[in-house]
Structure formats: C-alpha cells, structure tokens
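Novice: heads up, no residue letters with this:
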C-alpha cells in the first residue's frame, strides 16, 4: 500500500547480493599492492649491495688484483639472479585468508538463536569432525571432509562456522572464493594449494583446524561463468586434489613404509607388503553458498562435501527469540518489554535475516540517540524499519491538496484493513516522502508460514483496492498513485486463479520464480481468454466491495486522514486509537 511507488517488486528490497566481480577486483588490488611493496624493498637493497660489492668488498679479496672486472661482473650477476629469484618466490600468488583463534571468537553455538534446525544439523555434522578416528578405525566408515552451508547472505553461516571453531577450541581459516580464482589457471592452483597448506600446518600445530571457503559456487560453479574455462577447470581439479590429499600418508610415513618393504625383501623369504598408514587429521571444511544447486556436483559427491545444511529464514517465533536476544543487551524502554512487544516486532520483519534484524536494532538505537535518548522505543524500531526498507523521510514540496489526497488514500487502506483484515496488524501509516514512495501503510499477517485461505486473499484484494476507491469518492478523478496497489492485486488474483486452484479451473501454472507472486504468472493467466475474464471479474468484484465499504466508513477515513496530516506518521496503537475514536 505505497502511494506513488514505481513497479519494482517490494518483496525484493531486503535481498542484498554480493558482487563477485567487485570482490575479485579487491583481491587483485591487494595482490598488486603487495607486489609493489616487495619491489620497493628489494630493488633498493639490490642496488646498494651491487654498488658496495663492486667498489669495496671485491678489492679486499685475495684474488682481487687478478682480473677484478671479471670477478665483479660474475659476482654482480649472481647477486642479481639471487635477488630476482627471491622476488619471484616472494611475489608469487598467495591465498588471501584470515586466521581466527578460539580466543578471538566471542559467540558459541548455544548463544546463536533463530536458526534451531541449522544448529541441530551442525551439531550432527560436528561428530564427523570430532570422532573421525572412531568412524574410520572402529566403525569402518570413511566420513566426508566437510559440509556445504546453504542460505542467503546475512543468515549467520560464517558466524556458525566460527562458533564451531570456538566449541572445538581450534583455529579457523576463512577465505573468499573470489580471492582464490585468477584468470590464469596456474595462479589459481597455487592459491588453493597455499590455502590448504596453511590448513594442514595449523592442524599439525594446534591439533585441528577448520577451513571455510565463502561463495564456493564461484570457485567450482555448476554453470558457466565469466571466468575463463582454464581457471574454472584448474580450480575444480586442484580443490578436489587437495581434499583427497587430506587423508594421505605423510612423507615420513611413506619413507618408513618403503624402508620396511626393502628390509622385508632382504631378510625374509615371504615378501610382505608394507604400506603407509592413512592419516586421520582433525580438519573440517565448510563451503558457503546462497544455493547448493550452483555448486558443481562433483564436489558434493560422497567423500568430499556431501552434506548440505540449509539456513532458512527465521519464522515468526524464531524472529521473536532473536528480538528478545538483542533486547537483553540493548537499552530499551517499557514499550519493548514482554512477549507481546517481541511478537509485534517479529510480525513486521517477515523475511528478515539474522544480520538484518541486528541492523534494525542498531538503527533503532541511532534513532533514539538522535532524539537525545539513551533507550530505544517501539516507535524507534518502526521508524528504523521504514528507513531500512524505503529510505529516510524527505522534506517534500507537495501542496496541501496533494498531501490530503495521499492521507485519504492511505487512511482508506488502514480502515478497510482494520475492518476486514482478520489477524492483521497495522504497524505504521505515513504520508512522508521516502525515495519514490509518497505515502505508505505497513500491515502484516499473524503468521506468514501458514497457508493463506481464500477469505484472507479476498480481504487483501479489497484492502489494495481501497486507496483507488477513496480517491474516486473524494475527487472523482483517480491519480497514478494506486498503480503499485493494482499491480500487486493483479499478481495475487493471478495466483488465486492460475496457481492456488481458487478459480473455476484447477489448472496450476508453475511460477517462473520460487515466489508465486511473480510477474510471469499474470502473463500466463492473461494469455488464456477464459482465465483473463475470470481475473477481471475477480478484480472488479474486489473493487466494488472496497468502494461499498469506503462509502460506509467514510467519516472514519476522513478523521484518520485529519489525524495523519497533523502527525505525518502514526504507529501501531495510534492508528487503532484514531479509528476507534471516530467509530
């Protein structure tokens, strides 16, 4: 219910995707700067050495008087070659990874809330890591070397990986796939090899280690990418080779086995096969990705990273637990105390990730500090939500008549939602300009995880049509403001007819996206003549019912609009009070 917003899908506002190319450029820039620093150090050093040797040191040698130019040229050449070889070795591509010690990690597994299913799966997977020898030697099983963490950005995948390291009291090495992949296959192999060398070295010294590759689908993608095929094949082959080598015998073990075989051939008549013992190092690998299907299937085969743990968006109850967890450490007043307040915040944050919920709380604290308060309120949380999703409010130059039109439009949405929206919560109504949005009403359902009934969808269609009906009644001339409302109403009605089986046919078109309210579904429904007629009838019926209710409740709508124009924004209980006062 956003007045004057363009046709962008509002459900995609909280999807923040990382830019792989940007990460690659940053990694390349760090590598370039490192090589330049080595040049600045080595080149002056070489020059100083050459000059000092040429002018002083060579003349003091016993053979300094025997053809000194020849000896000096040979010495200078050797020194330059040594310096160049050193520079080549030091300037070779390296893996850009970071090591976190257990003492550097603050959060443990039992302190992470909101994703209980993922935590349960992680605890099961940890048994493969902590009891690898038991699985291999006594149970006769060869466990895999790690898992894939699947989930949207901000779902706490790296946070959980660090918590595992803290739980096991071992270091964790974190790198990004973009920092490992190079356009040249040789450099890619060296970077991956360097990363795994450090994992093995840390495991030997510390008694175990965890390696994390963020965005592993960019290292071994299941589909073609912008990187050259040489780099992709090199990355995949080297990664599989390094994972296979984790359990291979050490050099000393192989030398011992070869010695035993030689001794058996010399001193015994029956030749016995001496073999090196396979190692069972405490190494656990974690690859993170937004979608497991983007990772090459070879990597997810048995013995590699064959287990996938999905980090799903927290439900209403789990979001309430996350809110409670943050409020336990953040200053707040009595308006945010109690289970009811926690559920109210959770209900208005449908689809939020763990990091986005934390950002919301931090933004609410900033709102409180801006008003010179040391405690955030429920109103601060609501304003912070609007700022995160729609941008900060702007001072517009709208005329009084335009503001009145917007106020009536949004008030009609609110009153119809109050009358028809069973189980819906009115969170905030505003006439302040935010980016392309001139005004908005934000309301949420009781539980987004439950299937929506036909009656709930019908009510939602009437709520969407209420703004247009109010403009027609007040001005007899509608504006372009209801465009977004009509678009969303068309998507919902198309899903009811062409997907949910709520029309005259049980035919269900598969949506192009996972979201049923995609732009592809209305085009499929409208391409069928009978379905198009039914779609238009459904929308016309919703508009007529909304118009009748607006006519009946017009005095309430006008009163709410007056209160809204005086305050610019009304939050939660303020909306209910204004409606009930007019009733």
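Specialist: Received, thanks. Quick caveat, the model's predicted, so the values are computed rather than measured.
Novice: so what pLDDT did residue 557 get?
Specialist: Residue 557 carries a pLDDT score of 93 in this model.
Novice: tell me how far the residue lying closest to residue 549 once chain neighbours are set aside lies from residue 546.
Specialist: Closest residue in space to residue 549, ignoring its immediate chain neighbours: residue 416 at 5.7 Å, by CB to CB, 6 or more residues apart in numbering. Where you see a C-beta, it was placed from the backbone N, CA and C, and this is true even at glycine. The spacing between residue 416 and residue 546, counted by CB to CB, to the nearest Å, is 6 Å.
Novice: between those two, what contacts are shared?
Specialist: Contact criterion CB atoms under 8 Å, 6 or more residues apart in numbering; residues shared by residue 416 and residue 546: 462-463, 466.
Novice: picking that back up, neighbour count winner among residue 416 and residue 546?
Specialist: residue 416 (27 against 24; other CB atoms under 10 Å).
Novice: what is the burial count for residue 375?
Specialist: With other CB under 10 Å as criterion, residue 375 counts 14.
Novice: before we move on, what about residue 453?
Specialist: For residue 453, using other CB under 10 Å, the count is 11.
Novice: show me the strands in the stretch 51-200 of the chain, by range?
Specialist: Under the criterion DSSP state E, counting those that start in this stretch, the stretch 51-200 of the chain contains strands at 97-100, 146-151, 172-176.
Novice: for residue 480, which of these is the nearest?
Specialist: The closest of the strands of the stretch 51-200 of the chain to residue 480 is strand 146-151. By CB to CB, the value is 38.5 Å.
Novice: ok, the closest one: who's next to it in the sheet?
Specialist: Applying DSSP bridges, strand 146-151 is found paired with strand 283-289 (parallel), strand 307-311 (parallel).
Novice: per-residue confidence for the spatially most central residue of the chain?
Specialist: Geometric centre of the chain, nearest residue: residue 153, 0.2 Å, by CA atoms, centre = their mean. As predicted, residue 153 sits at a pLDDT of 89.
Novice: next one: residue 564
Specialist: pLDDT, residue 564: 91.
Novice: could you say which helix or strand holds the closest residue to it other than its chain neighbours?
Specialist: Leaving aside its chain neighbours, residue 564 sits nearest to residue 407 (4.8 Å; criterion: CB to CB, 6+ apart). Element membership of residue 407, judged by DSSP states H and E, is helix 400-420.
Novice: so how far is that helix off the chain centroid?
Specialist: 36 Å (CA atoms, centre = their mean, to the nearest Å).
Novice: any residues touching the next helix or strand after that helix, and which ones?
Specialist: Of the helices and strands lying after helix 400-420 in sequence (DSSP H and E), the nearest is strand 425-430. Residues external to strand 425-430 that are found in contact with it (CB under 8 Å, 6+ apart): 344, 347-348, 382, 385-386, 393, 410-411, 413-414, 417-418, 439-446, 560, 564, 568-572, 575-576.
Novice: near residue 523, how many other residues are there?
Specialist: 12.
Novice: could you say what helices and strands the strand or helix carrying it packs with?
Specialist: Element membership for residue 523 (DSSP H and E) is helix 520-527. Secondary-structure packing of helix 520-527 (3 or more CB pairs under 8 Å, 6 or more residues apart in numbering; DSSP states H and E): helix 483-498, helix 529-552.
Novice: mind listing what's buried along that helix?
Specialist: Buried residues in helix 520-527, counted by 16 or more other CB atoms under 10 Å: 521-522, 524-525.
Novice: which pair in those residues has the greatest spatial separation?
Specialist: So, those by CB to CB: farthest apart are 522 and 524, at 7.3 Å.
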